[in-house]
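Asks: below are the sequence and a predicted model; questions follow.
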Amino acid sequence: MRRGAGHPTDVGRRDSGTEIEAGRAGRVTRPRALPTLAALIVIVVCVAAGNSQQQRLHAKQALRSQLDAAARAEPVALASLADDADWAALRYRRVIATGEFVASRQILIDNKVHAGRAGYDVVTPLALANGRAILVKRGWIAQGPSRSETPRAPPPSGAISVRGRLALPAAGYLELRREPPTGTVWQNLDPARFTAATGLTVQPVVIEATTAPVPDDGLIRDWPAPELGVETHRIYMFQWYAFAVIAALLWVWFHRPRLARRGDD
């Protein structure tokens, strides 16, 4: 027997199909666990890296302010500073030191380039009147005709006044050999190693001479301004934060609530 259009079975099927279609239309996709976890890790890592760059940025800005203030301050007599002075706080402070150069302990710091020419930084200890000593970077001198011939740059004799700025030598440096240096040519300037190698105790800082103790000594005193990398940290900070925002936006885009609809036949 042929069922009519109004047969109860057909009505039931249509009702069931309508419910299924409505269920599909109202179903919302749920975020998948693995992509969500991956996005969360990326966001956390990028934000942490951005915060680290922000902290370094603030530290470099504070150091820049300190250096600017030190450059504006009046020169201070080095003899007036205590042995346990806060040298880090005095970095790039202009000083005046009076004493006699110890010519026999003079060294040359290798691999220094000025205006495209290879040469050396001439470093000579200055014995102060109070019995202390400090290393003085007297200036730069060009390399000789060959590596075997080191240039001569004898310091002036007798009492002398040196004007310059205090600098902290790099604490970390790479050398293939860690044995105490011998001879007059050194790869790096380290006051502690200088004391150990020469027996002459010097302060943990260095004076970068800004004027010639004697006229026309042939040395170039063109110390570069400290490059603190403030803008570099700022750029990196914004990059890391941008990566975190991009990761969050991508997660929202791929996991936005959307209706799963079946196409019309």
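Replies: Looks like it came in fine. Numbering: from 1, shown residues only.
Asks: now the spatially closest residue to Phe101 that is not a sequence neighbour: which helix or strand?
Replies: In space, Phe101 comes closest to Pro155 once its chain neighbours are excluded; the distance is 3.7 Å by Cβ to Cβ, 6 or more residues apart in numbering. For every residue, glycine as well, the C-beta is placed using N, CA and C. Using DSSP states H and E, Pro155 sits in no helix or strand.
Asks: give me the phi and psi angles of Pro155.
Replies: phi -80, psi 160 (degrees, to the nearest 10).
Asks: hang on, it packs against Lys137?
Replies: No: the pair Pro155 and Lys137 fails to qualify as a contact (Cβ atoms under 8 Å) at a distance of 11.9 Å.
Asks: point out where the stretch 51-200 of the chain drops to low pLDDT.
Replies: Counting by pLDDT under 70, the stretch 51-200 of the chain has low-confidence residues at 171-180.
Asks: residues in contact with the residue nearest to Phe101?
Replies: If you count contacts by Cβ atoms under 8 Å, 6 or more residues apart in numbering, Pro155 has them with Phe101, Ala103, Gln106, Thr124, Arg138, Pro213.
Asks: from Ser161, how far out is it?
Replies: For Pro155, the distance to Ser161 equals 13 Å [Cβ to Cβ, to the nearest Å].
Asks: for this protein, what spans make up the helices?
Replies: Ranges of helices within the chain are 8-26, 33-72, 191-198, 230-254, based on DSSP state H.
Asks: need the contacts of Pro155 in JSON lines (columns: neighbour count and distance to Gln66).
Replies: Output for the contacts of Pro155, formatted as JSON lines (neighbours: other Cβ atoms under 10 Å; distance: Cβ to Cβ, whole Å):
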{"residue": "Phe101", "neighbour count": "22", "distance to Gln66": "30"}
{"residue": "Ala103", "neighbour count": "12", "distance to Gln66": "34"}
{"residue": "Gln106", "neighbour count": "18", "distance to Gln66": "31"}
{"residue": "Thr124", "neighbour count": "22", "distance to Gln66": "28"}
{"residue": "Arg138", "neighbour count": "26", "distance to Gln66": "26"}
{"residue": "Pro213", "neighbour count": "19", "distance to Gln66": "27"}
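Asks: and the residues you listed, which is closest to Leu250?
Replies: Lowest distance from Leu250 to the contacts of Pro155 (Cβ to Cβ) belongs to Arg138, with 58.2 Å.
Asks: so that closest one sits against Leu219, correct?
Replies: Yes: using Cβ under 8 Å, Arg138 is in contact with Leu219, at 5.6 Å.
Asks: which neighbours do those two share?
Replies: Common neighbours of Arg138 and Leu219 (Cβ under 8 Å, 6+ apart) are Val122, Ala153.
Asks: please determine how far the residue nearest to Lys137 when sequence neighbours are not counted is located from Ala244.
Replies: Excluding the flanking residues, the one nearest Lys137 by Cβ to Cβ, 6+ apart is Glu208, at 4.9 Å. Note on Glu208: its distance to Ala244, by Cβ to Cβ, is 42 Å.
Asks: I'm done for today, thanks for sticking with me.
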